[in-house]
Structure formats: C-alpha cells, structure tokens
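using only what follows, build the 3D model:
(2 chains)
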Amino acid sequence: MSDKHARLERLTSMLRRRGVILPAFEIHGGVAGLFDFGPVGGRLRRRLNNSWLEHWASHGDIVEIDSPTITPEAVLIASGHVGEFNDFMSECNACGGAFRSDHLAEGHHPNPDVLSQEELDQILHNNSIACPTCGGGDWKAARPMNLMFDTRIGAMKGGRAAYMRPETAQGMFMLFPALYRHFRNRLPFGAVQTGKGYRNEISPRQGMIRLREFNMAELEYFIDPEVEPAHDFSKWESIQFNLIPDPEFNQPMSIDPGSASAENIIRHPTVAWFMARTWDFLVSVGINPEMIRFRQHEGTEMAHYASDCWDAEIHGSYGWIECVGIAHRGCYDLAAHESATGDGNLRAWRPYSEPRTVDKTVLAGKGSIIGPAFRDQAGAVNDALQSIDEMPTGFPFELTLESGDSVTIEADMVEEKRIQTTEHGEWFLPHVVEPAFGIDRILWHIIDHSYVETEKGGEPYTVLRLPASIAAIDIAILPLMEKDGMGEVASHIHHQICAAPNLASYYDGSGSIGRRYARADEIGVPWAVTIDHESLQNGSVTIRRRDDGEQIRIQPDELVDALVSGAVTSLF
RNA sequence: GCGGAUGUAGUGAAGGGGUUAUCACCUGAGGUUUCCAACCUCAUGUCACGGGUUCAAAUCCCGUCGUCCGCACCA
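Below is the predicted model:
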C-alpha cells in the first residue's frame, strides 16, 4: 500500500515537474478539483480527444456538434438536473456530521426525495431521528446543496437563471431536430460532443478523479425501439470482457460481448455494441485491457434518466474507477423536453410496412339544423358527434356533451358519412443509448498504466510508454553535439517535422545524449532522432525506439513520411 | 461540513527569534566529453496569505486560504 502510495507521489511529482498536469491557480493558493494541463499535458489531452472523435466518426452515422456550457435553468429543470442535483443536507449540532436529509427521513415517509426543506425538518424533529455518528437528535435546518454552478444570463437583475452544464448530453437533445434533418429523417444516428462539464463537488479528492471542471465526451445514439438492432459481434468473439452484473441477477463473469447480449445479461444489443466499441477505444489509447471491467448499475443507484447502465471501470492507483457510463436512457430526455416545451419536433417518423387504411362511419352534424336548434351549444354538439365511438342504434338518441349536458339528437340533424383515412406511419420518441466518457479519468489511467519505473545501470529510470498515437510529442531531435554543423542539420529536421500537419517534435541540444534520451522517455516521446558525424557525410540519421532503445539509420525524408502515416514501427 | 496532519526554489527534503535560509536533483551558461541521466566552474530560483507579539518573525501567537488523510457526501 505504501509502495503504491510512494509510486503515486513520484508520478504526480513528475507530472508537475514536466508540465503535464499541475494544480491550477497555484500562485493564488490553488483550488481543489481544478487542474491545468501544461505544455505536455495540453497536447496529450488534445490527442486523446481527437482519438475519441475519430473513433466514433469512423462509424459513418455519428456527427460532432458543439453547444454552450451556459445552460438556461428551464433546460435543466426539464432534464431533471435541477431537482435531482438539489439535495438537502442536515447537519448535527452535536457532532457536526452532515447527511442527506432525505436519507435520514427514510422509513418515515414513502418518498422523502420530494419533500421540501420544512417538511424534512419536521420529520427529523417529530420522529427524533438520531444522528448516525453520535446518536444526537438536534439538527440544524436542512440546507439545499446543489452540485451545479449557478449563474445568470444578463447583467441586470432581470437576468435569466442559468447553470454551467453538468453534462454535455443536453446539447445533443436540444439539437435533435437539426440532427434528424441532417440524417434525412432516418434512424439510427448519433451525435458526439466533447467539452467541459461542471460540478461543484463538496469535496474533490483523488487528484484527477473527481474534478469541479472536467472534460467530458458524450455520445447520444438515437434508435427506433421497435427495430431489432443487428450488430455484428464477431470481431470480439474471442475476447472475454469482465462483467459484474447487478448481483440481484448474476454473478461476475468473463464473457464475450456477443454472448452477453444473446444471453440478455446486457439487456440491449446496442448497449452491448457500445460497450464493445468502448473497450476498443480504451485499449487503442493505451489502457491495459486486463484493467478494464464493466459493472452494471443496481436498480437503486441508477441515475434518474437511465433504464440500464453499465460503467466501464478502470483499475489504477486509486482502485477501480468509473471512467465511462453506458446508459440506455430510453426516451426519457426527449419526452421530458417535449412535455416541458410542447415542441413537436423531437419525434421521428416510423413508416408502416403497409399503409393502414381505416374505414370509419361517422355522424356529421348538419349545420343548418344543429345551429338553430342548439345555438351556443352547437359547437359542443358537433364535437361530441365526431367523437362518438359506436353508432347509435336508432333515432332519437341522447348525446352527452363534454360539459356533462345531455342533448337529444333527431335523425334529420345528422347524416352518416363514410370516411376513409390512410395512415402511412406514426411519430414516435426515439430511444437513446448514451456512452459518456470522463476524459480526464481516462487520461489519468493512460498515464498511470504507461508509467513504468525500471532501472538503468543501477539507477532508477522511468518511461512513459504511451501509444505513439496520443503521445504529446512525436519525436525528439537530438544533435549528438552542437558543433560541426550537427546543430543546424538537427534544427532543419525539427522545423521540417513541426511543419507537417499534426506532428510535433522538440529539439534538445543540452546535456549528454543519455540525459536527453532519459528526458524524452520520461514524458513518453516514442521516437528520438540523433544527428551524428555520419549524418554530415551522407544525410542519414539514427532513429531510436523508446521502448527498447533500438536504433536504425534512415534518411530524414523517409522518416517524415513514416511519421505522417504513423508507420515508423514498420521501419524496424 | 467535521476531526487530524500539513504548507520552505521546478521536484523532493533539512532547518529555524538575529540581519547572507541549507542540501540533493532539476533548469540555464561556459568548458570538457560524446549514442543511453559522466565531469568541472558559474548562475537563476524558495519560507502560502493577512494580522499580532518583538528592537528584530521564515521561526512564536491568531485568523484566512490551500493541500493531504479519515468520516460524511458523490453523474
């Protein structure tokens, strides 16, 4: 345990020293839960973000959007966040312990979640509920504890209440009509968004794990609940995932995702499919596959919107940490926004395989008779006639109006009409499967899994074995000496590589060559080019592989091509 | 929010009522060497913030803030 702790200290020291991840605002004392990404970390995070976007864009039916972080209160009331994030806390006057008021009131009210502050205080007082810590029963008044940062839109006092978004997902729901049009009205399709989310955590701990401002990457995949999805799981046939189902139903198991779906351990095939694609992503960016498991939420911990939820948890220095949540949200969000706004554009059209023709015989009122007969009730009579389900057996008959009044309808007041309508389809609320990624947590575990402490010549030596695709710096350019023109050649190659799209190199001419290799290894630079005397004669340079120190000679142009195409490994 | 610990260069640490605050590594310059953290010389940079006690505070006291650990809370 203390070994692990010491390793963690060395790792976080390195991250600070080398400009990867640093506590934010430190010269002003720092703020828990806020971090800076430095010159190395900033690019590392961008690379991870880009890998994530590419991963989903490669599906062909998923597009990227971007929406504001400032969100009007109405949106978050509709989505349930204002109610759900507004928990009341009660504090014990004797020992100072703080607890969620509704948890304390449990057993004394069928649904304490919905109670007001006064009602909660009443229940605590009337039932003399004891403090779980000290046994006292003297409670301070309950106080709301909202985990969202609030703000106002508009400078004057008339401004609208708003919050910093606690998740990026709502942006995708707001844009559903635009997405539906973009995809030519055909499901399924998805939208992704990466960006900041905000939660005013009571007590951020564990470094990058619980943050107050964090990088989220969320995907909303809209599906027709009545279409049985066809996913090809053959790619993962021989890969065993570690699953921890809700203990109410199943024991932990190792199983391939296709079978888990077929056996209904994962309740929806699309959820299983996204779990598998999530696994692909995590492994591709450098997460150790043995350190991944999927845990199903139990009924009681399910978020307010989810009907089935699996977390991808990654094991690292802080134990098992949830890094991805894959939730089947049903039609919760679209339905909530529809009912809050009355907007009719949050639905999709499902054509029937055969048009449905409905023959109906209706009684249509004759205006010239009904009008004079019923005067100001005539409209209501017509309405009532139209909504008759069963034809009357004869005339006259009694017709009940919506107001409850009854009127007598004579035969000459109406005529029978046969109406034929053809319905080609129906509007429905799509269901949503949402994989939501915590980028910072994933980045942390990539670093954690990549950080290797070894020995070199009896000295401790550290290497960050990042995959080349996300390493902050692609290559280090090292002149063996900065004389005889080696520095100039090196500088030229450095600029050549930096000018190539999406490549970053760094030039290092200070210190011994071994020291410079060590510096590059520490922040995970996968390749190092050395310019030596032979380079001055025939232009060739050596390229060294980070993970085993092996070197080959190569022409710089060939190297740049290989870097651009990501094929440096094949040169060895 | 409660309790405990704690705050000294970029990192890690030592020290301590007295005017010039140490040490190692790191970083930079010069020299020397040159393919895996070599060496020599020199240099940059630090007592969280605010108040008090004192002739004098980085040191003692108070407060604030931050950080860490435990409790509690936690999409």
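
walk me through the domains of chain A.
Residue ranges for each domain of chain A read A:2-72+A:152-333+A:432-439, A:86-146, A:352-425, A:473-571, as given by automatic domain parsing.

pull the distance from the last one to the chain's centre.
This means domain A:473-571. How far domain A:473-571 lies from its chain's middle: 38 Å, per CA atoms, centre = their mean, to the nearest Å.

that one close to RNA strand B?
Yes: Domain A:473-571 is in contact with RNA strand B by CB under 7 Å from any atom of the strand, via A:480-483, A:510-515, A:517-519, A:521-522, A:530, A:532, A:542, A:544, A:549-551. The way it works is simple: take the backbone N, C-alpha and C, and place the C-beta from them, glycine included.

could you write me a PyMOL select line covering just the buried ones among those residues?
Selection of buried members from the residues of domain A:473-571 next to RNA strand B for PyMOL, criterion 16 or more other CB atoms under 10 Å:
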select buried, chain A and resi 480+513+517+518+519+521+522+530+532+542+544
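
which residues touch A:Asp448?
A:Leu11, A:Gly316, A:Ser317 (CB atoms under 8 Å, 6 or more residues apart in numbering).

export these to TSV and append columns for neighbour count, pLDDT and secondary structure.
TSV is the format used below for the contacts of A:Asp448 (neighbours: other CB atoms under 10 Å; pLDDT from 0 to 100; DSSP: H, G, I helix; E, B strand; the rest coil):
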residue	neighbour count	pLDDT	secondary structure
A:Leu11	20	92	helix
A:Gly316	22	90	strand
A:Ser317	20	88	coil
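
from those residues, pick the one nearest A:Ala472.
Distance to A:Ala472, by CB to CB, is smallest for A:Leu11 among the contacts of A:Asp448, at 15.9 Å.

in the helix or strand hosting A:Asp557, what's buried?
Secondary structure from DSSP states H and E places A:Asp557 in helix A:556-565. By 16+ other CB under 10 Å, the buried positions in helix A:556-565 come out as A:Pro556, A:Leu559, A:Val560, A:Ala562, A:Leu563.

ok, the fourth one touching A:Phe572?
No: with contacts defined as CB atoms under 8 Å, A:Ala562 does not count as touching A:Phe572, sitting 10.4 Å away.

overlap of the contact sets of the two?
Residues touching both A:Ala562 and A:Phe572 by CB under 8 Å, 6+ apart: none at all.

what number of residues lie near A:Phe214?
Residues contacting A:Phe214 under the criterion other CB atoms under 10 Å number 21.

and A:Ala272, by the same measure?
Counted with other CB under 10 Å, A:Ala272 comes out at 29.

for it, phi and psi?
phi -60, psi -40 (degrees, to the nearest 10).

so who does the residue nearest to it when sequence neighbours are not counted touch?
Spatially, and ignoring its direct neighbours in sequence, A:Ala272 is nearest to A:Ser261 (3.7 Å; CB to CB, 6 or more residues apart in numbering). Residues near A:Ser261 by CB under 8 Å, 6+ apart: A:His231, A:Phe233, A:His268, A:Pro269, A:Ala272, A:Trp273.

for RNA strand B, what are the nearby residues on the stretch 151-300 of chain A?
Listed as neighbours of RNA strand B in the stretch 151-300 of chain A under the rule CB under 7 Å from any atom of the strand: A:Glu167, A:Arg199, A:Glu201, A:Ile202, A:Ser203, A:Pro204, A:Arg205, A:Gln206, A:Gly207, A:Arg210.
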